[in-house]
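1. Got a predicted model here, sequence first, then my questions.
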Amino acid sequence: MCPHTFQGRLPGLHELMTLGAIALVLFAGGLFAQPYPSRPVRMIVPNLAGSATDTVARMVAQRFAESWGHQVVVDNRAGASGMIGHELTARAAPDGYTLLMSTSAGLIITPMLTKAPYDSARDFAPVSLVVVSPQMLVSHPGVPATNVEELVALARAKPGQLNCASPGTGTSNHLGCEMLKVMAKVSFLHVPYKGTSLAVNDVVGGQVQFMFNSMPAVWPLAKAGKLRALAHAGTKRSPAAPEVPTMAETIPGFQCITWYALVAPRGVSVAILSKVNGELQKMLADPPFAKRLSDQGQEPQSTTPAELTAYMRAESERWSGVIKAAGLPVSK
């Protein structure tokens, strides 16, 4: 007798268990056969809306949504120098439906300076680098300095009286302030804020004299005359602002960059990581999309997950040297 034909009688316990097992296998098979993504994806941004990280995240999220046919929701979770968003991602289910647009600060610098509730190497699965974003040194237009040399001279004439803003302790913006202190041998006060927008607003308002920040948030304000662009902290002048000299033209060897990378909770399948990475590779290689980033002063760069892992390791060594030179206390 066929085990699934009961000829008018009720099935026994063994037969019910057999049917249940078959149904479970078929149900599970249906689940695993579902393409990724089959529902909306959340992209956490550990910064405020309107920040440079947020701007890039929204561009990427839109392209993902267009390609996948499912919404990609940007979820801004700012605070605690980005640690809130990172911890939330680290604790999320490793199913590919939570991604994090992280930064060099969140993944590398902050955990060195603060006891973070996550371990970057242990808790995240690298997907790809997205952009490298050199910092721009900007000041309030009323500051009597039109270039780096004049700002350094002003700081030497008024030791400890100038203020350098940042979106928070442990950000690459903060490290830019510290690098300037060390390399130019000057003294001024670092003023940390709870986010980029607040810091930029106070430099525009003149409450703080200057800051380092990624170009998308400050270059439009500089062009509008609300800020003064003193220098670009990349290795070469930006095509988006070729008239702005590099920091290295005045202080040889000075380089301060932020980079953004997409990561997922540790444990996400290789298949999903590969799909997300492939979509990023495709969009960053698309000339119109890449130009939108370049016009903002961002440098689009994609990597494999393995290349991002190696890059993070190298950046960890570089920033640890800066932190040591600046004499900053490190987390234990």
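-> Alright, I've got the coordinates.

2. Do a quick rundown of the strands in the stretch 151-300 of the chain.
-> 163-166, 189-192, 210-214, 228-232, 257-265, 299-300 (DSSP state E, counting those that start in this stretch).

3. among those, which is the most enclosed?
-> strand 210-214 (a mean of 29; mean count of other Cβ atoms under 10 Å). From N, CA and C alone the C-beta is placed, and that goes for glycine too.

4. quick check: angle from that strand to strand 228-232?
-> 60 degrees (axes from the mean of the first three to the mean of the last three Cα atoms, to 10 degrees).

5. Give me the sheet partners of strand 210-214 and which way each runs.
-> Neighbouring strands of strand 210-214 in its sheet, by DSSP bridges, are strand 124-139 (antiparallel), strand 163-166 (parallel).

6. could you dump these to JSON lines with distance to P288 and mean pLDDT?
-> Output for the strands paired with strand 210-214, formatted as JSON lines (distance: least, Cβ to Cβ, whole Å; pLDDT from 0 to 100):
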{"stretch": "strand 124-139", "distance to P288": "16", "mean pLDDT": "96"}
{"stretch": "strand 163-166", "distance to P288": "33", "mean pLDDT": "96"}
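
7. G234 is nearest to which of these?
-> Among the strands paired with strand 210-214, the nearest to G234 by Cβ to Cβ is strand 124-139 (3.0 Å).

8. Tabulate the strands of the stretch 151-300 of the chain (JSON lines), appending distance to P37.
-> Output for those, formatted as JSON lines (distance: least, Cβ to Cβ, whole Å):
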{"stretch": "strand 163-166", "distance to P37": "36"}
{"stretch": "strand 189-192", "distance to P37": "37"}
{"stretch": "strand 210-214", "distance to P37": "29"}
{"stretch": "strand 228-232", "distance to P37": "38"}
{"stretch": "strand 257-265", "distance to P37": "12"}
{"stretch": "strand 299-300", "distance to P37": "23"}
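
9. So which of the ones you listed is nearest G142?
-> Across those, G142 has its closest neighbour in strand 228-232 (9.0 Å, Cβ to Cβ).

10. Contacts for the closest one, please.
-> Contact with strand 228-232 is made by 134-141, 143, 145-148, 151, 210, 215, 218-219, 222, 238, 241, 244-247, 249-250, as judged by Cβ atoms under 8 Å, 6 or more residues apart in numbering.

11. what does stretch 175-182 give?
-> For stretch 175-182, the external contacting residues (Cβ under 8 Å, 6+ apart) are 109, 135, 137, 152, 164, 166, 186-188, 190, 211-212, 233, 251, 254, 256, 319, 322-323, 325-326, 328.
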